[in-house]
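**Q** Sequence first, then the predicted structure, then my questions.
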Amino acid sequence: MKILISNDDGIFAPGIRALTEAFASAGHEVYVCAPDSQRSAASHSLSIGRTLTVRREEFGGAAEAYAIGGTPADCVKLGLTVLCPQAEAVVSGVNKGYNVGTDILYSGTVAAAMEGAICGRPALAVSQAAEREDYAQASALAVSLFSKMTEHPLPPLSVLNVNYPDCDQPLGMKTAVMGQLHYQENYVPVPMEDGTQAYCLRGEVDGRARQSDDYEKLTAGYVTATVLSYDMTDAERTNCWKPLLEDE
């Protein structure tokens, strides 16, 4: 199968290299369209009115590879529209760090996969614990899950979001509900040479993250899988507000 692979850690990140090699070794024809530098937490932003630079790269396992001066969603949209429209599916990752809970809203990794789904392709996002340096196991799992996706397709406009725990031998796989992560965080002042005051966001997950179904299962040693949809409508509450907002 012809597969477009992207990420948000940038084209030189080890996770995308491992993922590309795994899918190529499994017999897939791989195309890489990824940001030319780190774009974590870019969410689903697109570059509107700004030129996107494109540079060909030598990339092990890929039929073609492009470093693009844009966001993850830019990379997938440009790839499927212009650079490799023959791609039949989109896989994003392997991301350095979990994409669970409310972090999913910020994730460029998930957004790249979601852009693929919006463009009508089956889509998979893969992330793993930030502490892990070995991406081979998560990549091999991605290949296996992708095979299941071809046999049992997801609903349209959906993404399978998979996270690999910080252990060599997970306890198994669990489906999980997207939870809410809580952080202890702060903006740290960073003085600039020209006297301008700048700030850098710093923080870490706090104990309340245990209230998050997906995060709790990951930290217990399970791989987690969640089907995501772009549709964020809360139909029940929208209907409750209907008599308050609509004219009779």
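**A** Great, that's in hand.
**Q** alpha carbons only for contacts and neighbour counts from here, please
**A** OK.
**Q** Could you pull out the strands in this protein for me?
**A** 2-6, 29-35, 54-56, 62-68, 89-96, 123-128, 158-164, 173-175, 183-191, 197-205, 223-229 (DSSP state E).
**Q** out of the ones you listed, which comes closest to Leu105?
**A** strand 223-229 (11.0 Å; C-alpha to C-alpha).
**Q** For the closest one, name the packing helices and strands.
**A** With contacts taken as 3 or more C-alpha pairs under 8 Å, 6 or more residues apart in numbering; DSSP states H and E, strand 223-229 sits against strand 158-164, strand 173-175, helix 213-219.
**Q** report the longest helix in the protein, please.
**A** helix 136-151 (DSSP state H).
**Q** That one versus strand 158-164: what angle between them?
**A** 150 degrees (axes from the mean of the first three to the mean of the last three C-alpha atoms, to 10 degrees).
**Q** What residues of helix 136-151 count as buried?
**A** By neighbour count with 16 or more other C-alpha atoms under 10 Å, helix 136-151 contains the buried residues 136, 138-143, 145-146.
**Q** How about Ser229, nearest residue that isn't a chain neighbour?
**A** Sequence neighbours aside, Ser158 is the residue nearest to Ser229 in space, at 4.5 Å (criterion: C-alpha to C-alpha, 6 or more residues apart in numbering).
**Q** rewinding a little: can the helices and strands packed on strand 223-229 go into a markdown table with extra columns for distance to Glu115?
**A** Formatted as a markdown table, the helices and strands packed on strand 223-229 follow (distance: least, C-alpha to C-alpha, whole Å):
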| stretch | distance to Glu115 |
| --- | --- |
| strand 158-164 | 9 |
| strand 173-175 | 22 |
| helix 213-219 | 23 |
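**Q** count of neighbours near the spatially closest residue to Glu64 that is not a sequence neighbour?
**A** Once flanking residues are discounted, Glu64 sits nearest to Tyr31: 5.1 Å by C-alpha to C-alpha, 6+ apart. When neighbours are counted by other C-alpha atoms under 10 Å, Tyr31 registers 26.
**Q** With Gly120 instead?
**A** Using other C-alpha under 10 Å, Gly120 is surrounded by 16 other residues.
**Q** Same question for the one 10 residues further on.
**A** Counted with other C-alpha under 10 Å, the burial measure for Ala130 works out to 13 neighbours.
**Q** mind listing what it touches?
**A** The contact partners of Ala130, taken as C-alpha atoms under 8 Å, 6 or more residues apart in numbering, are 96-98.
**Q** Dead centre of the chain: give me the residue that sits there.
**A** Thr109 (2.0 Å; C-alpha atoms, centre = their mean).
**Q** OK, contacts around that one?
**A** Thr109 makes contact with 6-8, 40, 43, 72, 92-93, 95, 125-126 under the criterion C-alpha under 8 Å, 6+ apart.
**Q** Repeat that for Cys84.
**A** 4, 31 are the contacts of Cys84 under C-alpha under 8 Å, 6+ apart.
**Q** Dihedrals phi and psi, it?
**A** phi -150, psi 60 (degrees, to the nearest 10).
**Q** pLDDT score for it?
**A** Looking at Cys84, its pLDDT is 97.
**Q** End to end on stretch 180-199, go ahead and measure it.
**A** 25 Å (C-alpha to C-alpha, to the nearest Å).
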